[in-house]
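Enquirer: quick one: sequence and predicted model below, then my questions.
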Amino acid sequence: MNPVNYLYLAALLFTIGATGVLIRRNAIVVFMCIELMLNACNLAFVTFSRMHGNLDGQIIAFFTMVVAAAEVVVGLAIIVSLFRTRHSASVDDASLMKL
Amino acid sequence: MSFPLLTATAALPAVGALATAAVPAARRTTAKWLALTVSLATFVLAAVIAVRFEPGGARYQLTESHAWIKDFGVRYELGVDGIAVALVALTALLIPFVILAGWHDADPMETGSRRWRPTQGFFALILAVEAMVILSFEATDVFVFYIFFEAMLIPMYFLIGGFGDRAHEHGEKAASTQRSYAAVKFLLYNLAGGLIMLAAVIGLYVQAGNFSLPEIVQARASGSLHMATSTERWLFLGFFFAFAVKAPLWPLHTWLPNAMGEATAPVAVLITAVVDKVGTFAMLRFCLQLFPEASKWATPVILVLALISIIYGALLAVGQRDIKRLVAYASISHFGFIILGIFAMTSQGQSGATLYMVNHGISTAALMLVAGFLISRRGSRLIADYGGVQKVAPVLAGTFLIGSLATLSLPGLAPFVSEFLVLVGTFTRHPAIGIIATLGIVLAALYTLVLYQRTMTGPVKAEVAEMPDLRVRELLVVAPLIALLIFLGVYPKPVADIVNPAVRQTMSDVHQTDPQPKVEAAK
Amino acid sequence: MSTAAVHSLWTTAADPISKFQAPKIEYGQLSPTLIVIGAALVGVLIEAFVPRKSRYYAQVFISVVALAAAFAAVVALAAGGYGTTKAHIAAMGALAVDGPSLFLQGTILLAGLLGVFTFAERRLDPEAHGNRVDSFAAQAASAPGSESEKAAVKAGFTTTEAFPLLLFAVGGMLVFPSANDLLTLFVALEVFSLPLYLLCALARRKRLMSQEASVKYFLLGAFASAFTLFGIALLYGYAGSVSYATIAQVVDGTVANVDPALANTMGNDALLLVGAAMIVMGLLFKVAAVPFHMWTPDVYQGAPTPVTGFMAAATKVAAFGALLRLLYVVLPGMRWDWRPVMWAVAIVTMLGGAIVAITQTDIKRLLAYSSIAHAGFILAGVIATTQNGVSSVLFYLAAYSFVTIGAFAVVTLVRDAGGEATHLSKWAGLGRRSPLAAAVFAVFLLAFAGIPLTSGFAGKFAVFKAAAEGGAIPLVVIGVISSAIAAFFYIRVIVLMFFSEPRPEGPTVAVPSPLTLTAIGVGVAVTLVLGVAPQYFLDLASQASVFVR
Amino acid sequence: MENLIALLIAAPLLGAAVLLCGGRRLDAVGHWLGTLLAGLSFVLGVVLFTDMLGKAAGQRAVTQHLFSWIPVAGFQADVTFRLDQLSMTFVLLITGVGSLIHLYSVGYMEHDERRRRFFGYLNLFLAAMLLLVLADNYLLLYVGWEGVGLASYLLIGFWQHKPSAATAAKKAFLVNRVGDMGLSIAIMLMFTTFGTFAFVPVLHSADSAGEGKLTAIGLMLLLAACGKSAQVPLQSWLGDAMEGPTPVSALIHAATMVTAGVYLIVRSGAIFNAAPDAQLVVTVVGAVTLLFGAIVGCAKDDIKKALAGSTMSQIGYMVLAAGLGPIGYIFAIMHLVTHGFFKAGLFLGAGSVMHGMNDEVDMRRYGGLRTYMPVTFVTFGLGYLAIIGFPGLSGFFSKDKIIEAAFAKGGAEGWILGGAALLGAAITAYYMTRVMIMTFFGEKRWQPDEQGNEPHPHESPGVMTIPMIVLAVGSVFAGGFFSIGDRFVHWLEPVTGHAEGNSPVSAMTVTVATLVLLVVGAGIAYAQYGRRPVLAVAPRGSLLTRAARRDLLQDDFNHVVLVRGGEHLTRSLVYVDHTLVDGVVNGTAASVGGLSGRLRRLQNGFARSYAVSMFGGAAVLVALTLLMRAV
């Protein structure tokens, strides 16, 4: 099977993730969409790695996971503290600062 | 390496400014005397420059040159030609009078914090302006000139916005808003001009690779530096725009009436008699020398604009109800004459223009400062609030009259010489323009005499009945200026001799020769 | 079927494991980064083991020492010629040790140092229950206004974690401009972003805004880094490698051995163009270029002002460093593709930042927009694609970062009952109340406006000059026009401070400790020195303006 | 000897400086000091005159070079004085009459607390006027030219507390400025044509320049002359100038300054000779003005304004003569001198009358004064006879010659001009007789003024009567003295040149015609004012009378067209400056601000919309990059 299809899939996932970021209100969901985008990137890395026949892409995928994990830690911390203050995880509620 | 006279002349007021600013809040009088002393010492240095300068000698004299910013091709290069000498002397001459006239203008009105020191600030700023103006007259490096040309806006801005007339017909609140409007307008106009010029300065660097005026002029003359016609024109426009804002030339003039109207009289003098001269001076030194071809190309338009300035400014002066704004529009008209003289491209015109810068400085100072004394007595700038002053304060009225007569350039007073030279210089090349410009002298008589009649003559108004006549300090300010007006009107030769060689140089830079008379007169 | 054959259905013989050779790491040349990261780790340990009372001092001490030491190391490396002659690529091609990286690392470290000073300031806020407090929340975890927060305040807690976080961020920033492969770039990006997300949330007062700023910054930042990562993936796909050198060769078509797979992907320019565009977008997000700037005002406003100052200065430096390296080392081959795009970005950034700033009413937002406009000016220098361009950008960054930190430090001083009085209307007549503070702030504003004899002018001149020499005259013209517009709102603040009547209930200027004073003083000094006698630093920048590849 | 020339000017200049800067401590002696210095200058004049008489006619012109004034490349203006017969004539007239009027003013201004300043101004005027006539180049002449303008401004407006006086002064200066414009343009034309504007080179090489240029120069000079000498169309200021103290009217607005125009034209004779068109215009202006002034003079009830009209008309004669070229120049100057005597005398007489009548100027409030102030009556009467040209008195000689010369121009022009001159003579006789009768004959018509204090007419003190007597003597004998043996002609010929015109009508006929018309005019006046009582309030009068009372509506024209129009123009310009020129700038600023406000709304605080913009931005970025590769 032509590995290029995996790239299309990756692009699709990335787009889905991005769209999710744009349309979903709940911070957690938004955040998950971002994770989805990162994983789309991983898929792309792995695919390219397979195409070029070198391991860099797969290594990078691991790095990405670690980074994503770190992001989860920080992100959840922030979002939770926001939730505890406002008792809502909606991104749109956090709009004190504007103009 | 001789004594850096030019640097010293600028450094002295700069240091003086810092020292004045550092004077403790309570010691107001000390600051005043310090500033006055410094300004007088500066005048002495300027006098030394004028003496050391040899009219016959090299084009730029007393030159100094030090490496400054290699990466920008900038050298700290100073040097004066006759025109610069005249204007440096004028600046150094006027500042003491400005300080003396503004002696009480900055005594604090409201109680700020104990660290709030308006008086110190006022005089320090004046000295700072002096330093920067002098440096911009002395700089022979375009970049150095540009730096001080721009930097002087800041102290000027604070002087205009920070200090207004004691009493104001609309009350202090309105006054301060009008003041800051005027200050912002002044700054933005000139900053915009300066930034446009910045683009041109950079463009010049890209073309020439350095900023040294003499080198560039030399390179252009020898053909080793060639500029495409369009490039030269764009650069010229970039420079000229900034100077036309500063000068100011119609239609870029509207900041001047606001600034001069809202500022105290001494500051107004500083604006019109000193700072604005940098604009006209720079046209003569930079526009013509760096871009001779483009200057010739632009001459027709500029002459027309100058003509409009002359007539337009005079007509608006007639229409003013505010003494200071009237003087401001009169100045616009006069700047029209100066620019006319510069771009008439005749030696009479350019010598006249240079003399005009000096004379206009002195005459406007005389008129404006007396007007300031008048206003400070009555607390109103409106012409309609005065009347019959001549009866209660004859000396004030007399000096005011002489100032007015100088403004309408009465023969025998200095401005006449320069104005006539400008007119003749213009007439020889462009008769029509010369004749229309001559209308200016009629209008000048109109607005000055109307001003004098409305304020000084007629039955004595109740509000002015108690008005005291000029005090000693004020007389000390006005008398020397008037004496100078008369002296330079009767015997302008000393200044003319210094100026002429420089003008001849400039004429040759722009490859121009005076038109010759049709008939060889029988001698 | 034979057993062997069956056996082979689910097993296969592995190749003998070949010898794994250890990577060669030039610890000496990486010492600045290592010192800072190490100090950060120590800081974490301090949080764990040192009693609460003395943590603050320990943290400040460690941070200051570490940053100073790291700066010393940078200077030593530069003196050792690693900036010029001995410049090379260290750590198995992961990090470049060359002029730009050392120059920028030095700048970042100094910015970090001043940042630590402002972080450590504890004289501005009134004492809470007899404890001197800094501008960070007593306990970030406890919800604003909750009992636990009150308790924490009463107990005199302080978030001393701020210091290690700052060190981590600095560490990431040090790597960012010297990263020499895309992976390192990405990791460094995250390493310095994540601590900043947290720092934004730590304000002691106005915590709602602080948290909001943090969440916005985090979500948008993560969003942006996702794009970057995808771009990296595409570029990797295009070149088959993430190392700058290799990609550059592939882009130039000068790569040595082309295997069929590479030949196949090389043919596909879409990968290259889209990938490059997405990476650049991630960096433009960090430098706050229009249209990726929208987080800037909110975050700058909400974050604790010391953090804002540090962030505004250091992040820009690091991000522009990375951008320069990417464009000059990796993508010079496709200059003709990205220059026009950068033109467009620079223009909208300059104009957009300047124009929107005119109507701002909050000083911190105002400075945010001004930083956007400045990003535009710097981009003009980036576009020059000449050595002068590089040096001018380096110089501009150095000049700008000090002005920024100083300006925000002054903002922290102007306070009323509700903490910092950032609304412009409250600044009316400040010049009458405390002329000195107002004068200092005016100096910074004039530098932002690019008035001659300030560092701002020298920087602006250098950048525009480089751009003009690079043939971007129109850009220069637009640049001067937008700086004229920008001048307007800087002047507005000055008018407000000096020419309008002070309000009776207006804010007062708190007297800070020597720490903040140092930050401000250094800011002023650098501003004036770089304005009056910039030659030495220009030399430095131009010496440091050669990338190693 | 020629080094004394500068002193001529220096003496009164010094006086002006001392008196104006001296302050109150000089109040006691100021007037005498001023008079003394004026007299000194006159003595110097006489000395120089005698010295000049000692020389041969050819060598009489002397110059004194003081210093180089404006040295600029190709433009050399020096301060050099030139004293020849022409300027000498003026020097004597100015200093002589001037000294007399100084003396007179001592008495006339006795009760004015600002008398010191008055004398300062008078001295200033003398200095400027002497500079005018002594300058050896047009630019220096211009200095004097505006200097006398300034002095006249100060003196007309001397009683500044009266708005009317201040306005009159301003008006005089402004109208003169229009003339000065002409002079400066003339100078510029000379500079471009000859490369210099000194008398000798310009006038000697005049005919080598094109006639067109010379005509232009001539017309510009004429414009200047019109301004200074109150010739149509710039005459309107002279009537108002009577607001000034009477001695001023006598000295400046009768005897000396207003004749400067004639001096200018005669001095520039060489230019006019080569530009016949310019000459024609000059004659026309002169003729029109002499009728205009005469008609105005007939209608005025204010004695000074009546005399002012007459001055205008007399100067019209001079200008007419000067326009006739060499045949007229000398007679123009001669009439100028004689007019200087009798008109000054008449004004001083009028002043003396006012002095006795509580400054009443309305002749309808006079009457029968001959008994109350005999000396004034006699001197005034002699002046009257002189001006109407009574045979044997000075006016007779000078005016007669002019009329002859006018006819001598020949052709239709000659007839028209001559006719106008004759008619003028008749009208002169009419209005002067009218003045004479209304003032000194008939029964007394004065009533108490508002304050109710009856005027008590009385003869003026000696300081005032002596000058009047001296001038009366002059006005009787000067003409004869000049004419016998054509003294005056020979005196001036070397400077102005002279030509005998051949008149179509014999001199005798002209003289007879003049005398007949004189009798007619005087007779009509007698019939109107001598036979029946003069009404104390002016009758409405015919349309012409009413027009004449308003200076033939010329002033109203100015007011409507220039003043009103000017006001509208400036007001609209102020509006334009504020709304248009300033508006453009402020508009730009405002529009940028508005744009800012609109862009600002994009920053709506919602993280997701920010994300949208980023996403869009990324899309655009990618698209652009691809596009760049595509193109």
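Expert: Nice, thanks for sending it over.
Enquirer: OK, contacts around whichever residue of chain A sits closest to chain D?
Expert: Across chain A, the shortest distance to chain D (C-beta to the nearest C-beta) belongs to A:Lys98, at 3.0 Å. The C-beta positions use only the backbone N, C-alpha and C, and glycine is treated the same way. The neighbours of A:Lys98, taking C-beta atoms under 8 Å, 6 or more residues apart in numbering or on different chains as the test, are C:Asp298, D:Gln603, D:Asn604, D:Gly605.
Enquirer: let's go with 7 Å and repeat that
Expert: Listed by C-beta atoms under 7 Å, 6 or more residues apart in numbering or on different chains, the contact partners of A:Lys98 are D:Gln603, D:Asn604, D:Gly605.
Enquirer: per-residue confidence at it?
Expert: Looking at A:Lys98, its pLDDT stands at 81.
Enquirer: which SS state does it fall under?
Expert: Following DSSP: H, G, I helix; E, B strand; the rest coil, we place A:Lys98 in the coil state.
Enquirer: against which helices or strands is the host helix or strand of C:Thr527 packed?
Expert: Remark: C:Thr527 resides in helix C:514-532, with elements defined by DSSP states H and E. Other helices and strands packing on helix C:514-532, by 3 or more C-beta pairs under 7 Å, 6 or more residues apart in numbering or on different chains; DSSP states H and E, are helix C:99-119, helix C:387-413, helix C:435-449, helix C:455-469.
Enquirer: ok, now which ones touch the residue in the stretch 1-150 of chain C that chain A sits nearest to?
Expert: Distances between the stretch 1-150 of chain C and chain A by C-beta to the nearest C-beta are smallest at C:Ala143, namely 4.4 Å. Neighbour list for C:Ala143: A:Arg84, A:Thr85, C:Glu149 [criterion: C-beta under 7 Å, 6+ apart].
Enquirer: run a quick neighbour tally on the second one.
Expert: Okay, so that is A:Thr85. Neighbourhood size, A:Thr85 [other C-beta atoms under 10 Å in any protein chain shown]: 18.
Enquirer: and it, how far from C:Asp298?
Expert: A:Thr85 sits 17 Å away from C:Asp298, going by C-beta to C-beta, to the nearest Å.
Enquirer: now do the first one
Expert: For A:Arg84, the distance to C:Asp298 under the criterion C-beta to C-beta works out to 21 Å.
Enquirer: neighbour count: the two, which is higher?
Expert: A side-by-side neighbour count of A:Arg84 and C:Asp298, using other C-beta under 10 Å, places C:Asp298 first with 28 against 14.
Enquirer: what helix or strand is the more buried one on?
Expert: Using DSSP H and E, C:Asp298 maps to helix C:295-302.
Enquirer: check the offset of that helix from the chain's centre.
Expert: On the basis of C-alpha atoms, centre = their mean, to the nearest Å, helix C:295-302 is displaced by 14 Å from the centre of the chain it belongs to.
Enquirer: give me the angle between the very next helix or strand once past it and helix C:99-119.
Expert: Elements were assigned by DSSP H and E; along the chain past helix C:295-302, the next helix or strand is helix C:305-325. Angle between the axes of helix C:305-325 and helix C:99-119 is 170 degrees (criterion: axes from the mean of the first three to the mean of the last three C-alpha atoms, to 10 degrees).
Enquirer: quick revisit: what about the residue of the stretch 1-150 of chain C closest to chain A, which SS state?
Expert: Each residue gets one of three states, and C:Ala143 gets coil by three-state DSSP.
Enquirer: for it, give me phi and psi.
Expert: phi -70, psi 150 (degrees, to the nearest 10).
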